[in-house]
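Asks: A predicted structure for the sequence below; I have some questions about it.
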Amino acid sequence: MRTYLDIDTFSDWTIEEQNQFSLAVTKGLILDMVRKANSGHSGGPMSSADFTQILFTEYLSFNPIDSEWFNRDRFILSAGHESALIYSMLAQIGWLKIEDLQAFRQLHSKTPGHPEVEISGIEATTGPLGQGFGMAVGMATAESMLRSRVSDLIDHYTYVVAGDGDFQEPIVLGAASMAGHWGLSRLIVFYDSNNAQISGNVDRSDSTNYATVFEGFGWHVQEIDGHDHEQIRQAIEKAQVVDRPSLIIGTTIMAKGSATMEGDYETHGAPLPHEEIKATKEKLGLPLEPFYLPSEVITHFQNRFEELNKNAIIWDKKVSDSCKDRDFKFLWDATVKDQVGDIQFPEFQSGESLATRKAFGATLDKFAKQLPSIVGGSADLEPSNYTGNFAQTYGDFNKENRSGRNLAFGVREFPMAAAMNGIALHGGLIPFGGTFLVFADYERPALRLGAIQHCRVIHEFTHDSFWVGEDGPTHQPVEHAMGLRVIPNLNVFRPADAKETAACFKMAILEKDTPNALLLTRQGVKVLDQTMDETVENVSKGAYAVIECANPEIILIATGSEVGLAIEVAQSMVDKKVRVVSMPCWEVYENQSEDYKNLLIPKRGSMKVSIEAGITMGWDKYIGPNGLAIGIDHFGASAPGKDLAEEFGFTTDQVEKKIRNHLANLL
Ligand SMILES: Cc1ncc(C[n+]2csc(CCOP(=O)(O)OP(=O)(O)O)c2C)c(N)n1
Ligand SMILES: [Mg+2]
């Protein structure tokens, strides 16, 4: 066996010896990172290391001098706890330094506990198990959609390393069934099947035959020894050419390479003991010095770099040649380059009654015509979400129709939201996805991860309050609007009418660093009396006066369908000076100047009333200690919406009465 003592003769070693020693160096880095941080994961990275190292050194296509090169293969470490593994790859590429590895898991380091997308070479923030897989399905979808549109200039693979924990998460099953149905042939997943997880061996909790399951989903499945390099190579090469997504199930050994702890699940989430590290380094032929990364090993790792660079240059040239064609250039700029020109709105008549979900549908149709980057669909609520016209016009994306722009997600809300994040992270497309607001809960982990990653995605949530009516409490969101507002960096829009809906939709498209949720009514609401330009200007502030009044005694702050109600209440209270504020987006409002906010909703003076058909918790922020929050702090009921409005106090008379009572009590 070759050891560090012969490193001077490295170039004379056989390729196999060079590979094995390089792999040992990678493992040494993993052990040292986790040991120095005194936290992190050792066992999993060591069992996945063979596949990952071979992938990075022999197959992965990327541009060594530009980690953002658009046609790069995407690599997603769905087993995000194995971050030490990807960081040691990035250090050998040169995108991280040894000092970065030494700062593993420390404040402001480029090597946080789990991979974060801001770091060069990290394609997605992972750690919540299963979601990396779901995002990878989105990335492979984006690749396939773009490939069909820009004549094969986009043709990369999406690779995933996933562990037992990923496969046990149901999102993987939903996302895999989507990928199989869509025939995402450039998606290649390695399952590090090491029969170990945190609490013990996997066979305590899982006896699923994933090969059978994935074959059932329409995947190509290979089962290999995950430490046999020749089998790994053959499996990757086969996976690259089959016409289906590929699963490579690698039987592996936890902490492979360690001196005495191979197969031990307790290596999952801890540094190995000092003695074990010492013995392991001796076994692997490494020196005891920590963070050993000799230049010979780096050079070996980088032996394809020249070729990779060349490929990127050839590709760039092909792109600039293709862009000589004007139509192609328009498509390229509008998708890959994410250029958005002037956006025209549909027309809505003031005074007409229109559900905001219908307004969303009309706006989607209008925007999709102008923006070829818009893709998406509904989680099987197409008629309710008003995305049917879009689906008809642009067709379903599927095996036969790669250029379809509609994604028939099926009843798979969480996989849909994770895939949307993946599409956004891939770049080149703007994804939307629709369902009922009440099912936002099913998407929640992906909403959070989208917000963490600054994904520009558009969530369409219709049927946004008890006004859903007959379907009853299971289908009537109560806590959802506020529940979404508590997620940092998520814009929650609850537009009051059709024009606000269109304006919010446009803001969502222009807002490139924030996911967006549009909360929309099932029932008709009156279109407010303002021009589209005025609406755009007003909505851009997050909140504005729909009924203005100097030195108001009362300020009604309403969102969505309750803005119309607030206007009626204000018109009825002729003896009072009332301002009505429509607040379609808290988050956008919070970003306004203090002057604007103090003028619109002054802290002192006026009595403030919030009106929203949802829980009242949270509104104290705007109404202050003497304000009144009108909402619904219990579940709804099955009945026609109008009867529920009566029952729950959402009529003009009842709201007015509550306000007058409150005023009287204050005096
Ligand atoms: C959704 C989610 N649930 C729980 C965890 C905590 N967790 C991190 S790793 C892990 C076990 C994963 O086992 P496996 O994928 O087999 O990793 P290995 O032990 O082989 O490294 C768990 C439960 C998580 N990260 N995400
Ligand atoms: Mg495992």
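Replies: Looks like it came in fine. Ligands and ions are numbered 1, 2, ... in the order given.
Asks: going forward, measure contacts and count neighbours with C-alpha atoms only.
Replies: Will do.
Asks: mind listing what the most centrally placed residue in the chain touches?
Replies: Nearest to the geometric centre of the chain sits Asn421, at 2.8 Å (C-alpha atoms, centre = their mean). Neighbouring residues of Asn421 by C-alpha atoms under 8 Å, 6 or more residues apart in numbering: 135, 138, 446, 450, 455-457.
Asks: of the residues you listed, list those near ligand 2.
Replies: Among the contacts of Asn421, none lies close to ligand 2 by the criterion of C-alpha under 5 Å from the ion.
Asks: could you dump those residues into CSV with pLDDT and secondary structure added?
Replies: As requested, those are exported to CSV (pLDDT from 0 to 100; DSSP: H, G, I helix; E, B strand; the rest coil):
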residue, pLDDT, secondary structure
Met135, 99, helix
Gly138, 99, helix
Ala446, 98, helix
Gly450, 98, helix
Cys455, 98, coil
Arg456, 98, coil
Val457, 98, coil
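Asks: and those residues, which is closest to ligand 2?
Replies: Using C-alpha to the ion, Met135 is the member of those that lies nearest ligand 2, at 20.2 Å.
Asks: is it true that the closest one touches Ile423?
Replies: Yes - between Met135 and Ile423 there is a contact under C-alpha atoms under 8 Å: 7.4 Å.
Asks: higher neighbour count, the two?
Replies: More neighbours surround Met135 than the other of Met135 and Ile423, with 33 against 29 (other C-alpha atoms under 10 Å).
Asks: low-confidence ranges in this structure?
Replies: Applying pLDDT under 70 to the chain flags no residue at all.
Asks: of all the residues in it, which ones are close to ligand 2?
Replies: 164, 194, 196-197.
Asks: list, out of these, those positioned next to ligand 1.
Replies: Filtering the residues of the chain next to ligand 2 for neighbours of ligand 1 using C-alpha under 6 Å from any ligand atom leaves 164, 194, 196-197.
Asks: pull out the buried residues from stretch 250-265.
Replies: Residues of stretch 250-265 classed as buried by neighbour count (16 or more other C-alpha atoms under 10 Å): 250-259, 261-265.
Asks: sorry, back to before: neighbour count added to the ones next to ligand 1 among the residues of the chain next to ligand 2, as TSV?
Replies: Converted to TSV, these look like this (neighbours: other C-alpha atoms under 10 Å):
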residue	neighbour count
Asp164	20
Asn194	25
Ala196	27
Gln197	24
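Asks: keep only those of those that are in helices.
Replies: Filtering those for membership in helices, criterion DSSP state H, returns Asp164.
Asks: contact partners for Asn71?
Replies: Counted by C-alpha under 8 Å, 6+ apart, Asn71 has contacts 62, 153-156.
Asks: the nearest residue to Lys506 once chain neighbours are set aside: neighbouring residues, count only.
Replies: Counting by C-alpha to C-alpha, 6 or more residues apart in numbering, Lys506 lies nearest to Ile343, which is 7.8 Å off, once chain neighbours are set aside. By the other C-alpha under 10 Å criterion, the neighbourhood of Ile343 contains 10 residues.
Asks: isn't Phe409 right up against Leu381?
Replies: No - using C-alpha under 8 Å, Phe409 makes no contact with Leu381, being 9.7 Å away.
Asks: more neighbours, those two?
Replies: Between Phe409 and Leu381, counted using other C-alpha under 10 Å, the more crowded position is Phe409 (23 against 19).
Asks: what helix or strand is that one located in?
Replies: Taking DSSP states H and E as the definition, Phe409 sits outside all helices and strands.
Asks: again, but for the one 5 residues further on
Replies: Taking DSSP H and E as the definition, Phe414 sits inside helix 413-426.
Asks: now Gly433
Replies: For Gly433, the element it lies in under DSSP H and E is strand 430-436.
Asks: just the CA atoms of the host helix or strand of Leu364, as CSV, please.
Replies: When elements are assigned from DSSP H and E, Leu364 belongs to helix 356-370. Only the C-alpha atoms of helix 356-370 are listed here, as CSV (Å, rounded to 0.1, in the frame of the first residue of the first chain):
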residue,chain,number,x,y,z
THR,A,356,-58.9,37.1,-6.8
ARG,A,357,-58.1,33.5,-7.8
LYS,A,358,-59.8,34.2,-11.2
ALA,A,359,-57.7,37.4,-11.4
PHE,A,360,-54.6,35.3,-10.8
GLY,A,361,-55.6,33.0,-13.7
ALA,A,362,-56.1,36.0,-16.0
THR,A,363,-52.9,37.5,-15.0
LEU,A,364,-51.0,34.3,-15.4
ASP,A,365,-52.3,34.0,-18.9
LYS,A,366,-51.3,37.5,-19.7
PHE,A,367,-47.8,37.3,-18.1
ALA,A,368,-47.0,33.8,-19.5
LYS,A,369,-47.4,35.2,-23.0
GLN,A,370,-44.8,37.8,-22.3
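Asks: for that helix, packing partners?
Replies: helix 382-385, helix 388-394, helix 498-510 (3 or more C-alpha pairs under 8 Å, 6 or more residues apart in numbering; DSSP states H and E).
Asks: quick check, Val221 in contact with Tyr210.
Replies: No - when contacts are counted by C-alpha under 8 Å, Val221 is not listed as touching Tyr210 (9.1 Å).
Asks: and the buried residues of stretch 250-265, which two are furthest apart?
Replies: Between any two of the buried residues of stretch 250-265, the greatest separation by C-alpha to C-alpha is 21.6 Å, found for Gly250 and Ala259.
Asks: count the neighbours of Asp73 for me.
Replies: For Asp73, using other C-alpha under 10 Å, the count is 22.
Asks: OK, contacts around it?
Replies: Contacts of Asp73 by C-alpha under 8 Å, 6+ apart are 60-62, 156-159.
Asks: now tabulate the residues you listed in a markdown table and tack on neighbour count.
Replies: A markdown table is the format used below for those (neighbours: other C-alpha under 10 Å):
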| residue | neighbour count |
| --- | --- |
| Leu60 | 21 |
| Ser61 | 23 |
| Phe62 | 23 |
| His156 | 21 |
| Tyr157 | 24 |
| Thr158 | 25 |
| Tyr159 | 27 |
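Asks: and which of the residues you listed is nearest to Gly542?
Replies: So of the contacts of Asp73, ranked by how close each gets to Gly542 (C-alpha to C-alpha), first place is Thr158, at 38.2 Å.
Asks: who does the closest one bridge with?
Replies: Taking DSSP bridges as the rule, Thr158 bridges to Arg74, Leu187.
Asks: that one against Met135, yeah?
Replies: No - counting by C-alpha under 8 Å, Thr158 does not reach Met135; the two are 10.2 Å apart.
Asks: for His41, which non-adjacent residue is closest in space?
Replies: Gly269 is the one closest to His41 (C-alpha to C-alpha, 6+ apart), at 4.3 Å.
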